[in-house]
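Asker: here is a sequence with its predicted model. Questions after.
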Protein chains: 2
Amino acid sequence: MKSERNIVIIGCGAGGGTAAQFAHKVDRKAKITIFEQSQYPQYSKCGLPYVLSGIVSSFNDLIEFSQEWFSKNNIDLFLNTTVEKINPNKQMIYAKKDGNIIEKEYDSLIICTGGKPFIPPIENMKTNGVFSVRTIEDIEAISSFIKKGKNAVIIGAGFIGVEMADNLHKIGMNVAIVEALPSILPTVLDADMSKLVLDKIPENISIFTNHKALKIESENKKINKVLIKDISSDEDKEIDADILISATGVIPETELAKKAGCKIGETGGVIVNNKCETNVKNIYAVGDCTEYVDFVTRQHVPIGLGSIAVRQGIIAGTNAAGGEYEMPDGVLQTSASKLFGIEIASVGPTKNSIKKLSIISGKYSGSSLLSYFPGGKPITIKVSADEKTSKILNAQAIGDKAAQRINTFACAILAGMNVETFRKLETAYAPPVSPTLDAETLVCDIVSLKLNRKR
Amino acid sequence: MKSERNIVIIGCGAGGGTAAQFAHKVDRKAKITIFEQSQYPQYSKCGLPYVLSGIVSSFNDLIEFSQEWFSKNNIDLFLNTTVEKINPNKQMIYAKKDGNIIEKEYDSLIICTGGKPFIPPIENMKTNGVFSVRTIEDIEAISSFIKKGKNAVIIGAGFIGVEMADNLHKIGMNVAIVEALPSILPTVLDADMSKLVLDKIPENISIFTNHKALKIESENKKINKVLIKDISSDEDKEIDADILISATGVIPETELAKKAGCKIGETGGVIVNNKCETNVKNIYAVGDCTEYVDFVTRQHVPIGLGSIAVRQGIIAGTNAAGGEYEMPDGVLQTSASKLFGIEIASVGPTKNSIKKLSIISGKYSGSSLLSYFPGGKPITIKVSADEKTSKILNAQAIGDKAAQRINTFACAILAGMNVETFRKLETAYAPPVSPTLDAETLVCDIVSLKLNRKR
């Protein structure tokens, strides 16, 4: 056996950077090399919209680990370097930097190639003024372009689309959001819950749900209008647009992995097991280029969350370096955002994504404090449970400490807890902090009563 | 069978009031009668300290359900009425109001007699200016007395003692807290965690931990000094005192129950099962007059939390009215407070209370947000696990959203989850809301590593 373990990582995003750090933690002698296509080491993609509004003051702030950090920790980081081929038999990779080929042997390879923006089928997407939201470069480009006019059109009402709307609105833009589905935030909230967010959206943000963007029109080689169609009525509309931002999701970047023989799953991501191993010997994959099992539906789902990419990075890095660490038996897809000052969080698949089960849902709205204590804030929670087993399947929250409340439900789902047990959860009570019975348990009372009526 | 169910409740505190409401919900035809010794219907005892500082503007605000509410809901509430005897064979109670005897038959009786302040063995406790903190009357008396001088001495550094200190400090009093144990908040925080709270206590609040109050001295028939002793050095000290507030815990009020044949447990409370039934047929007991099993230690513990009293009220009321609802298999003693602006929360027994197990603890301090995002607040969490099974036994948190974070641990303890599973919990991440990996999981990483080293 060689004295040193060679770990090669392709991509220095959240997954790749984290994998490197944990591999280094587990095996201090391991030789770790990262190849990153862009000019930046690991940075927070989720922070990008906030640079636009100035809440985060510079792109540099988003860089979580600098090139110096990696070099101090004996991790070789090659920036501006593209891996062009993997030879899984020789356990070699071939990369290119400044026209030079770099050959590198590996004992373990971790593929963290991430994803690329899905480009929606809108006519003239190559018009000047059309952008995606994925990288520092994207936001830099948007940032310089928004000086040219006040009207922004965003395609896609997922978290990123609405976060972009919030941040553009903060700097005085007029924003229109176009979403083909009937409600906003469709992958994280049921329609009735997303309606509550809709009610909080400022008036000068127009929402076109159930609308499809068809065509971009330009004037002086620059976008000036977007043609959209109302899906129900077939009516065509035109919206003024000085900039268009496409936020319609991400496609796993799997070309290298596929060529190396890695199996690709039904959602287009590299299939990995609970150690983040692919089917190819000594090749791991992590993050947005992968797919994994959903804990609740047992269906494969694409990995699109930074928090999961980081967890997978820990697992792949640890295992590649000879340690032991495994993913839970599925992803919960716990996610959150703060939009227009309101916290929103969700765990588990939305009602629409749970296809095979009969489910019972309940919703509770109340205050975060007892009515006599000043400072209470609204909180709404919705929970769905399996009609047969009464197991909690998902939870969605809007308002006070929504994310932390959803984390409690994440714990319950991970434990396979049913609503009858959860409703009796002894939550912390103190007048300045939280009510005698938390909204978490009260919503489960409602679901539980509904379940009993069905029986 | 009679057409109407007769439910009698002794005591209209959180437990009794709630029992009445839920009995009424379950059986709309039931005849429900509450006898309450004081002049007030159900009010929030936990809110009392905040009336003193004016955060809550009046005692009336604390009344959660008015006499009108009860009468509207067909619940007979007798205030200023003392139940003097229970005859469990005839299923009758005998009460006294304005010198008149009221006799009342019951099908189910719910005893919610609460607790009375423990009076510490300090010489001259009957001096003018010495108070307990238990009722509206207590706070009214304190409120009028504090005008007589600026120096307050509080005996007992539990949540109530320190909350009183916080609120008295807010209105300009000099406060000294005397606690016989070596650390503050000893029943909810391990000593190392309570040290973090100590560091935040304003300078003009003096803390005398490891000190025993011996004697109250008076001048002009009014308290003016407290003599205390340093338990380690045996040194005697004198503290100026214009008022003394005793907050040294509560003794279950069980006289009526005992005379009716209810078994009293090792901690002095009425023993109840998971339906809140006592050993006497058709007699339930609820709240501070009872004791129950601790979920983690399996030892009996007194019920001292309003949230548990309310839960027991729901359970006793539901069962007494013919419904079905059971307590979980033990209490978690989840609790919280906000002291000097900092949220503090705890679930499970403190390290000192876990006697029979080998336990491993870990502590994590970090920020509530990633460093690049403005507004992050400190959060410290400590978790202990059973060395053998790695099950989570307790968790304590100080700082950002401590109570909600502790609720997640409460869920984990209730589910019997171990730290290895919890550390992989997928928590919600968004830059303005919470970090990529929450402090909750990071502290479990630390405990888990320590456990592995032991193996």
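Answerer: That came through, no problem. Numbers count the residues shown, from 1 in each chain, chains lettered A, B, ... in the order given.

Asker: residues contacting residue A:262?
Answerer: A:111, A:254, A:270-271, A:278-280, A:283, A:285 (CB atoms under 8 Å, 6 or more residues apart in numbering or on different chains). In this view, the C-beta of every residue, glycine as well, is placed from N, C-alpha and C.

Asker: kindly report the same for residue A:370.
Answerer: Taking CB under 8 Å, 6+ apart as the test, what residue A:370 contacts is A:376, A:431, A:435-436, B:44, B:47, B:64.

Asker: got the phi and psi for it?
Answerer: phi -60, psi 150 (degrees, to the nearest 10).

Asker: need the residue closest to the centroid of chain A.
Answerer: Centroid-nearest residue in chain A: residue A:305, 3.0 Å away (criterion: CA atoms, centre = their mean).

Asker: tell me who's in contact with the residue of the stretch 1-150 of chain A at minimum distance from chain B.
Answerer: Per CB to the nearest CB, residue A:61 is where the stretch 1-150 of chain A lies closest to chain B, at 4.0 Å. Neighbour list for residue A:61: A:47, A:51, B:372 [criterion: CB under 8 Å, 6+ apart].

Asker: do residue A:32 as well
Answerer: A:7-9, A:20, A:23-24, A:74-76 are the contacts of residue A:32 under CB under 8 Å, 6+ apart.

Asker: swap in residue A:250?
Answerer: Applying CB under 8 Å, 6+ apart, the residues near residue A:250 are A:115-118, A:134, A:288, A:302, A:304.

Asker: from the residues you listed, which is closest to residue B:248?
Answerer: residue A:304 (54.5 Å; CB to CB).

Asker: on the pLDDT front, check that closest one for me.
Answerer: Note on residue A:304: pLDDT of 92.

Asker: what's the answer for residue A:90, then?
Answerer: Reported pLDDT for residue A:90: 97.

Asker: show me what contacts the residue nearest to it when sequence neighbours are not counted?
Answerer: Here the nearest residue to residue A:90 in space, its sequence neighbours aside, is residue A:105; by CB to CB, 6 or more residues apart in numbering or on different chains that works out to 7.6 Å. Shown in contact with residue A:105 (CB under 8 Å, 6+ apart): A:6, A:90-92.

Asker: circling back to that earlier point, show me the contacts of residue A:370 that map onto strands.
Answerer: Among the contacts of residue A:370, no member falls in strands (criterion: DSSP state E).

Asker: in the contacts of residue A:105, find the pair that's most separated.
Answerer: A:6 and A:90 (12.5 Å).

Asker: between those two, which has more neighbouring residues?
Answerer: Set side by side, residue A:6 and residue A:90 show more neighbours around residue A:6, with 17 against 10, by other CB atoms under 10 Å in any protein chain shown.

Asker: what residues are up against the more buried one?
Answerer: A:30-31, A:33, A:104-108.

Asker: next, the spatially closest residue to it that is not a sequence neighbour: phi, psi?
Answerer: Residue nearest to residue A:6 in three dimensions, not counting chain neighbours: residue A:107, with 4.7 Å by CB to CB, 6+ apart. The phi/psi pair for residue A:107 (degrees, to the nearest 10) reads phi -90, psi -40.

Asker: please name every helix or strand in contact with the helix or strand harbouring residue A:406.
Answerer: Following DSSP states H and E, one finds residue A:406 within helix A:402-414. For helix A:402-414, the packing partners by 3 or more CB pairs under 8 Å, 6 or more residues apart in numbering or on different chains; DSSP states H and E come out as strand A:335-339, strand A:342-347, strand A:378-386, strand A:392-399, helix A:439-454, helix B:402-414.

Asker: of all these, which one is nearest residue A:223?
Answerer: It is, among the helices and strands packed on helix A:402-414 and with distance given as CB to CB, strand A:335-339, at 25.2 Å.

Asker: quick one, that closest one and helix A:402-414 angle?
Answerer: Counting by axes from the mean of the first three to the mean of the last three CA atoms, to 10 degrees, strand A:335-339 lies at 160 degrees to helix A:402-414.

Asker: where's the residue nearest to residue A:21 when sequence neighbours are not counted, which helix or strand?
Answerer: Leaving aside its chain neighbours, residue A:21 sits nearest to residue A:317 (6.7 Å; criterion: CB to CB, 6+ apart). Secondary-structure element containing residue A:317, defined by DSSP H and E: helix A:306-320.

Asker: check residue A:86 too.
Answerer: Using DSSP H and E, residue A:86 maps to strand A:82-87.

Asker: buried set for the next helix or strand after that strand?
Answerer: Using DSSP H and E, the helix or strand that follows strand A:82-87 towards the C-terminus is strand A:92-97. Within strand A:92-97, the residues that qualify as buried are A:93, A:95-96, counting by 16 or more other CB atoms under 10 Å in any protein chain shown.

Asker: in TSV: the helices and strands packed on helix A:402-414, plus distance to residue B:420 and mean neighbour count.
Answerer: Below are the helices and strands packed on helix A:402-414 laid out as TSV (distance: least, CB to CB, whole Å; neighbours: other CB atoms under 10 Å in any protein chain shown):
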stretch	distance to residue B:420	mean neighbour count
strand A:335-339	24	24
strand A:342-347	20	28
strand A:378-386	26	23
strand A:392-399	22	26
helix A:439-454	25	20
helix B:402-414	12	28
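
Asker: residue boundaries of the helices in the stretch 1-150 of chain A?
Answerer: For the stretch 1-150 of chain A, applying DSSP state H, counting those that start in this stretch gives helices covering A:14-26, A:48-52, A:59-62, A:67-72, A:136-145.

Asker: what's the most buried one of those?
Answerer: Most buried of the helices of the stretch 1-150 of chain A, by mean neighbour count (mean count of other CB atoms under 10 Å in any protein chain shown): helix A:14-26, with a mean of 27.

Asker: name the helices or strands packed onto it?
Answerer: strand A:6-10, strand A:31-35, strand A:75-78, helix A:306-320.

Asker: of those, which approaches residue A:173 most closely?
Answerer: helix A:306-320 (25.6 Å).

Asker: mind listing what's buried in that closest one?
Answerer: Buried, per 16+ other CB under 10 Å, within helix A:306-320: A:306-320.

Asker: now the helix or strand containing residue A:237: average pLDDT?
Answerer: Following DSSP H and E, the helix or strand that holds residue A:237 is strand A:236-240. For strand A:236-240, the mean pLDDT works out to 97.

Asker: buried residues, it. List them.
Answerer: In strand A:236-240, counting by 16+ other CB under 10 Å, buried: residue A:239.

Asker: sheet partners, orientation included, of it?
Answerer: Strand pairing for strand A:236-240, using DSSP bridges, gives strand A:222-230 (antiparallel).

Asker: put the alpha carbons of the strand it pairs with into PDB.
Answerer: Below are the C-alpha coordinates for strand A:222-230, written out as PDB (Å, rounded to 0.1, in the frame of the first residue of the first chain):
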ATOM      1  CA  LYS A 222     -31.700  44.700 -25.800                       C
ATOM      2  CA  ILE A 223     -34.700  43.000 -24.200                       C
ATOM      3  CA  ASN A 224     -37.700  45.300 -23.900                       C
ATOM      4  CA  LYS A 225     -40.800  43.100 -23.500                       C
ATOM      5  CA  VAL A 226     -41.800  39.600 -22.600                       C
ATOM      6  CA  LEU A 227     -44.700  37.900 -24.200                       C
ATOM      7  CA  ILE A 228     -46.600  35.600 -21.800                       C
ATOM      8  CA  LYS A 229     -49.700  33.500 -22.000                       C
ATOM      9  CA  ASP A 230     -52.400  32.900 -19.400                       C
END
